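Novice: Sequence plus the predicted model coming up.
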Amino acid sequence: MKQIILVTHGDLAKGILTSVKLVMGETDYIEFVSISAKETIPEITGMIKAKMKHYSRDAVTVIISDIAGGSTTRAAMELMDTEKSIYLITGLNLGLLLEIAMLPLSGEQQSDRQALKNAIENSKNTMSLVNDLLEANGNLSLDSEEL
């Protein structure tokens, strides 16, 4: 069993989760924590812990934050020492979340780490400056049939 917790500034996590549900249907294993400028790191860590209590201690937990050096990530890092089966990923985007939501994580650390690394790499590989792609194909129009 796995749980995914999105930790972002403002309503980003809520919005992305809404989009995931449009694509995948109901996803009861994905929770979110939205923070504002007023929460401290310990408070954010507490908010994440509260979401984790909804799941079995045996569940693999993937926390995805929005900004690598941000308070969302620093707060989640506080939990990594206490729990063996927590994986923290930064750079939340819809493609990444869809990749991870569909992963069959087993609880075996080595294979789970590799599966998560592959999902991150797949997400990175979908990012492009479309202008460059069009120029490389000798086509500067944005005709959707040609994309």
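Specialist: Sure, I can see it. Numbering: from 1, shown residues only.
Novice: And the strands in the chain, which stretches?
Specialist: 2-9, 30-35, 60-65, 86-90 (DSSP state E).
Novice: Relative to residue 77, tell me which of the ones you listed wins on proximity.
Specialist: strand 86-90 (6.5 Å; CB to CB). Placement of C-beta: from N, CA and C, glycine included.
Novice: Now do that closest one: everything it contacts.
Specialist: Here strand 86-90 makes contact (CB atoms under 8 Å, 6 or more residues apart in numbering) with 60-68, 73, 76-77, 79-80, 96, 100, 112-113, 116, 120.
Novice: angle of it against strand 60-65?
Specialist: Interaxial angle, strand 86-90 versus strand 60-65 (axes from the mean of the first three to the mean of the last three CA atoms, to 10 degrees): 20 degrees.
Novice: Could you pull up the contacting residues of residue 115?
Specialist: 103, 104, 105.
Novice: The same query, at a cut-off of 10 Å, please.
Specialist: Contact analysis of residue 115 by CB atoms under 10 Å, 6 or more residues apart in numbering lists 87, 99, 100, 103, 104, 105, 106, 108.
Novice: Measure how buried the third one is and give me the count.
Specialist: Other residues within reach of residue 100, judged by other CB atoms under 10 Å, total 23.
Novice: before we move on, what about residue 5?
Specialist: Number of residues near residue 5 (other CB under 10 Å) recorded here: 26.
Novice: can you check residue 134 too?
Specialist: Residues within reach of residue 134, counting by other CB under 10 Å, total 16.
Novice: so how far is residue 128 from it?
Specialist: Applying CB to CB, to the nearest Å, the value for residue 134 to residue 128 is 10 Å.
Novice: Same question for residue 119.
Specialist: According to CB to CB, residue 119 and residue 128 sit 18 Å apart.
Novice: In helices, which of the contacts of strand 86-90 fall?
Specialist: Among the contacts of strand 86-90, the ones falling in helices (DSSP state H) are 73, 76, 77, 79, 80, 96, 100, 112, 113, 116, 120.
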